[in-house]
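Peer 1: My questions concern the predicted model and sequence given below.
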Amino acid sequence: MSAMITLDTLNRWLSAPVESERLEFKEAKQQFDTTKLMRYCVALSNEGGGYLVLGVTDRLLRQVVGSQAFATPSHLNDIKARIVDKLHIRVDAVELAHPDGRVLVFDIPARPAAHPLDYDGAYLMRAGEDLVPMTPDQLRRIFAEGQPDWFAQAAKQNASADEVIALLDTQAYFDLSRLPYPTTREGVLERLRGEGLIEQTEAGWTITNLAAILLAKKLDEFSPALARKAARVVIYEGIDKTQTREDKTGLRGYAVGFGSLVDFVHSAAPQNRSIEQVVREEVKMFPKQALRELIANALVHQDFQASGASVMIEMYADRVEISNPGTPPIRVERFIDEYRSRNERLADLMRRLGICEEKGSGVDKVVKAAEVFQLPAPDFRVGELRTTAILFAHQDFASMSKVDRIRACYQHCCLMYVSNQRMSNQSLRERFGLPESKAATVSLVIGATKEEKLIKADETETSSTRYARYLPFWA
């Protein structure tokens with residue numbers, strides 16, 4: 001791989017819009033700390049391998065500044081040998097003679113399957129500018145590599161044909177697939193077998209976890225472990241957990257029970273009085289489209305290896321929190337424009353059954369719905385063991401905190417960008433429902449969001465502040 005690294009390769013990297021999973025730039029004009037090098041080797045290797053490039057600024061627009069780190073052949077060979085001794089991986093190094101100075105590229109291989117790398121006991125990954133410990137969820141995923149896929153494991157073995165039909169809602173499956181129901185039982189079984197949902201053995205039929213989690217009439221008829229994967233809905237009386245109005249756990253598989261789950265959550269939501277006054281009809285506080293997307297996301301992206309944990313939908317008087325076990329493989333700031341699923345088989349089938357949106361469009365719809373319904377921007381939070389999406393009840397601009405306003409500005413900027421448009425003072429005013437007289441106030445929000453390095457000015461547009469256009473930081 002390193003033999004292919006040339007000046008042309010470097011020039012392509014310099015023009016990349018952001019540092020990717022496989023690229024990390026450091027100036028390192030005079031030197032580069034050995035411990036820091038080791039830690040970056042661990043993080044990049046844990047993320048699938050990549051390149052650490054010394055002698056290049058790590059801010060856009062990137063420029064070659066030259067590096068004297070590990071400048072002699074003996075010094076370079078010594079550090080490569082120390083990496084092998086300490087980390088047990090072989091890292092190549094390539095020196096490039098760029099017109100603006102020497103560039104040193106460390107070519108870091110991917111870690112072995114099921115073996116995360118550590119440096120002095122710390123299993124590292126990158127998070128923006130920082131190196132941070134991997135979460136227990138991410139480590140569990142790595143250690144599980146090479147083991148049988150959870151979805152392919154058996155939920156029930158040696159079932160008769162009649163038991164398969166009795167346990168799985170095959171009618172709903174064909175309805176969701178928009179296919180006519182076969183005239184024979186064999187036709188039903190063959191279709192499920194072709195999807196990899198069931199397998200035939202000499203002793204009968206094996207119903208996979210994928211079939212059960214999607215199509216079960218009753219999850220508890222399979223196993224307590226599968227029953228604990230059912231979504232749970234808790235509705236509270238106020239804004240905290242002190243008084244519970246309803247606590248309901250689902251019984252059916254995700255696909256066959258999805259519509260009724262969304263209907264139940266939506267019907268429990270309070271009214272959005274501000275919208276009611278405008279359209280003169282009852283409108284629920286939380287848009288059904290947004291609830292649908294967030295619930296589907298939580299079901300699809302959860303960590304199925306986490307035992308005893310399920311998707312939680314908790315509704316309060318002023319918000320609804322939808323959480324799932326596990327942490328996302330991408331940063332929350334990139335939810336709007338990027339997509340990566342830990343459970344692609346499940347996601348693919350859920351898309352084909354009409355439950356999920358096409359890749360990467362779900363969060364866009366959530367943000368758009370929040371804008372249309374005059375709600376604060378949804379918030380996405382990652383804890384140590386769970387990922388939570390929060391939809392808030394209506395709030396006037398004056399009541400929003402600075403953090404709320406910055407989050408709304410960033411999300412609006414992302415939404416405009418993925419729609420091939422650009423955010424402006426006017427578009428953000430319209431998002432907040434503010435008149436032109438509030439242009440200066442909105443400029444302060446834009447300035448604060450720029451200070452947080454979440455957005456930047458579109459340099460291809462006018463330099464006039466009044467007509468300025470803005471891009472997300474990653475564009």
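Peer 2: In hand now; what should we look at? Since the structure is predicted, the reported quantities are computational estimates derived from the model, not experimental observations.
Peer 1: what residue ranges in the stretch 351-475 of the chain are flagged as low confidence?
Peer 2: 357-361, 461-466 (pLDDT under 70).
Peer 1: Sorry, slip of the keys, the one I care about is the chain.
Peer 2: The chain contains residues with pLDDT under 70 at 1-3, 17-21, 273-282, 339, 357-361, 461-466.
Peer 1: burial measure for the closest residue to Glu186 other than its chain neighbours, as a count.
Peer 2: Of all residues not flanking Glu186 in the chain, Ala161 sits nearest, at 8.0 Å (CB to CB, 6 or more residues apart in numbering). (C-beta placed from N, C-alpha, C; glycine too.) Using other CB atoms under 10 Å, Ala161 has 15 neighbouring residues.
Peer 1: Please name the residues that touch Ala161.
Peer 2: Arg185, Glu186, Leu189, Trp205 (CB atoms under 8 Å, 6 or more residues apart in numbering).
Peer 1: let's see it at 10 Å
Peer 2: Arg185, Glu186, Val188, Leu189, Ile198, Gln200, Gly204, Trp205 (CB atoms under 10 Å, 6 or more residues apart in numbering).
Peer 1: got it, and Leu124?
Peer 2: Leu124 touches 38-47, 116-118, 130-134, counting by CB under 10 Å, 6+ apart.
Peer 1: Name the residues linked to it by a beta bridge.
Peer 2: Beta-bridge partners recorded for Leu124 (DSSP bridges): Pro133.
Peer 1: Pull up the gap between it and Gly354, please.
Peer 2: Per CB to CB, to the nearest Å, Leu124 is found 40 Å from Gly354.
Peer 1: ok, back up a step: can you pick the most crowded of the contacts of Ala161?
Peer 2: Ile198 (26 neighbours).
Peer 1: Looks like that residue contacts Thr208 (just checking).
Peer 2: Yes - the criterion here is CB atoms under 10 Å, and Ile198 meets it with Thr208 at 6.6 Å.
Peer 1: Give me the common contacts of the two.
Peer 2: Common neighbours of Ile198 and Thr208 (CB under 10 Å, 6+ apart) are Ala154, Ala155, Lys156, Leu192.
Peer 1: Put together TSV for those residues, with distance to Arg59 on each row.
Peer 2: Shown next, in TSV, are these (distance: CB to CB, whole Å):
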residue	distance to Arg59
Ala154	52
Ala155	51
Lys156	56
Leu192	54
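Peer 1: Sitting in helices, which of these do you find?
Peer 2: Mapping those onto helices (DSSP state H) picks out Leu192.
Peer 1: from the shared contacts of Ile198 and Thr208, which two are the most distant?
Peer 2: Across those, no pair lies farther apart than Ala154 and Leu192, at 14.3 Å, counting by CB to CB.
Peer 1: which non-adjacent residue is nearest Glu338?
Peer 2: Ile330 (5.2 Å).
Peer 1: Touching, the one you found and Arg126? I think so.
Peer 2: No - contact criterion CB under 10 Å: Ile330 and Arg126 do not qualify, at 12.0 Å.
Peer 1: Pick out whichever of the two has more residues nearby.
Peer 2: The neighbour count for Ile330 versus Arg126, taken as other CB under 10 Å, is higher for Arg126 (19 against 12).
Peer 1: Where does the more buried one fall, secondary structure wise?
Peer 2: Taking DSSP states H and E as the criterion, Arg126 maps to strand 124-127.
Peer 1: Same check on Arg178?
Peer 2: Judged by DSSP H and E, Arg178 forms part of no helix or strand.
Peer 1: any idea whether Leu415 is helix, strand or coil?
Peer 2: Under the three-state scheme (DSSP: H, G, I helix; E, B strand; the rest coil), Leu415 adopts helix.
Peer 1: residue contacts, it?
Peer 2: Counted by CB under 10 Å, 6+ apart, Leu415 has contacts 336-337, 363-365, 367-368, 370-371, 377, 421, 423, 427, 431, 472.
Peer 1: quick one, phi psi at the nearest residue to Trp13 once chain neighbours are set aside?
Peer 2: Distances taken as CB to CB, 6+ apart place Leu23 nearest to Trp13, at 5.9 Å, with adjacent residues excluded. Backbone torsions for Leu23, taken as degrees, to the nearest 10, come to phi -130, psi 140.
Peer 1: Quick check: Leu23 touching Gly50?
Peer 2: Yes - the pair Leu23 / Gly50 is scored as a contact, 6.1 Å apart, by CB under 10 Å.
Peer 1: list residues touching both of the two?
Peer 2: Residues touching both Leu23 and Gly50 (CB under 10 Å, 6+ apart): Leu44.
Peer 1: Can you report how many residues lie near the residue nearest to Glu384 when sequence neighbours are not counted?
Peer 2: In space, and not counting its chain neighbours, Glu384 is closest to Thr135: 6.1 Å by CB to CB, 6+ apart. Look at Thr135: counted by other CB under 10 Å, it has 17 neighbours.
Peer 1: which SS class is the closest residue to Ala154 other than its chain neighbours?
Peer 2: Nearest in space to Ala154, with sequence neighbours left out and distances taken as CB to CB, 6+ apart, is Thr206 at 4.9 Å. Look at Thr206: counting by three-state DSSP, its state is strand.
Peer 1: ok so, going back, when Leu23 and Gly50 are compared, which one has more neighbours?
Peer 2: Between Leu23 and Gly50, counted using other CB under 10 Å, the more crowded position is Gly50 (23 against 17).
Peer 1: list the contacts for that one?
Peer 2: 19-24, 40-41, 43-44, 106-110, 126.
Peer 1: The residue nearest to Ala154 and Glu344, how far apart?
Peer 2: Here Thr206 is placed at a distance of 22 Å from Glu344 (CB to CB).
Peer 1: what's the answer for Asp169, then?
Peer 2: Using CB to CB, Asp169 is found at 23 Å from Glu344.
Peer 1: Who has more neighbours out of the two?
Peer 2: The neighbour comparison of Asp169 against Glu344 (other CB under 10 Å) goes to Asp169, with 20 against 12.
Peer 1: surely the more buried one meets Glu221?
Peer 2: No - using CB under 10 Å as the test, Asp169 is too far from Glu221 to be in contact (11.9 Å).
Peer 1: how deep is the residue nearest to Ala154 tucked in, by neighbour count?
Peer 2: The burial count for Thr206: 20, using other CB under 10 Å.
Peer 1: same check, this time on Gly433
Peer 2: Other residues close to Gly433 by other CB under 10 Å number 12.
Peer 1: now His98, nearest residue through space, not along the chain?
Peer 2: Excluding the flanking residues, the one nearest His98 by CB to CB, 6+ apart is Val64, at 4.8 Å.
Peer 1: just Phe397 next, same as before
Peer 2: Phe432 (4.8 Å).
Peer 1: what's the answer for Arg386, then?
Peer 2: The shortest distance from Arg386 to any non-neighbouring residue, by CB to CB, 6+ apart, is to Ser323 (4.8 Å).
Peer 1: Confirm that neighbour sits in a strand?
Peer 2: Yes - counting by three-state DSSP, Ser323 is part of a strand.
Peer 1: Spit out the contact partners of it.
Peer 2: Residues near Ser323 by CB under 10 Å, 6+ apart: 294, 298, 302, 309-314, 381, 383, 385-390.
Peer 1: now do Gly362
Peer 2: Gln289, Ala290, Arg292, Glu293, Leu294, Ala296, Asn297, Val300, Phe335, Ile336, Tyr339, Cys356.
Peer 1: Could you rerun that using 6 Å?
Peer 2: By CB atoms under 6 Å, 6 or more residues apart in numbering, the residues touching Gly362 are Glu293, Asn297.
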